[in-house]
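*Asks:* pasting a predicted model and its sequence here:
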Amino acid sequence: MSKVIKLLWNSGAAIFWGALILSLPIWLILAMMKSGCKFDEYEELYSPDGKLRAVVINADCGATTNWQTQIFVEKTDGSRQTTNLIRLNGHPKDMNYEMSWIKNDEFLISEFDFDKMLGFKNQSWGSNFVRVHFKVKGS
């Protein structure tokens, strides 16, 4: 009987340590691949009817990158959201930009410096969502 218990004990220990040795490298790889970015809401602007909300995000991805100002629009009920409409190089407090609603479903991002723009998306988001316009400073 004691040989059976000893065999079970040793088998359990082998399974435990084997699983630990195999899972530890996988866990470390996943931990290193995790995004180190932090996204904080900086500002918001509601449409005249209150159904849409434009949000300015401050993206901070650590010491090796600069801050990014990112703007997107979402429905206030949370049912739909655009991707980043524009990404600007720098912290929102240091950036020149203006946001305004032209109509309930038309949004304008203006007065930003072209050389600070990292990327933008000007696409159709559908007839029952938002239409976005861009206007560079000085244009």
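*Replies:* Nice, I can see it.
*Asks:* ok, K75 to I57 distance?
*Replies:* For K75, the distance to I57 (Cβ to Cβ, to the nearest Å) stands at 17 Å. Glycine gets a C-beta too; all of them are placed from N, C-alpha and C.
*Asks:* what sits up against stretch 89-101?
*Replies:* Stretch 89-101 is contacted from outside by 42-43, 45, 47-48, 52, 54, 56, 58, 66-69, 71, 88, 107-113, 116-118, 137, using Cβ atoms under 8 Å, 6 or more residues apart in numbering.
*Asks:* of the residues you listed, buried ones?
*Replies:* Buried members of these, counted by 16 or more other Cβ atoms under 10 Å: 42, 45, 47, 52, 54, 56, 58, 67-69, 71, 88, 107-109, 111-112, 116.
*Asks:* following the helix or strand bottoming out on mean pLDDT in the chain, which helix or strand shows up next?
*Replies:* Least confident element among the helices and strands of the chain, by mean pLDDT, DSSP states H and E: helix 2-33 (a mean of 83). Elements were assigned by DSSP states H and E; along the chain past helix 2-33, the next helix or strand is strand 38-46.
*Asks:* tell me the mean pLDDT for that next one?
*Replies:* Averaging pLDDT along strand 38-46 yields 92.
*Asks:* and that strand, what does it pack onto?
*Replies:* With contacts defined as 3 or more Cβ pairs under 8 Å, 6 or more residues apart in numbering; DSSP states H and E, the packing partners of strand 38-46 are strand 52-60, strand 98-103.
*Asks:* kindly report the domain assignment for the chain.
*Replies:* Per automatic domain parsing, the structural domains of the chain span 1-34, 38-136.
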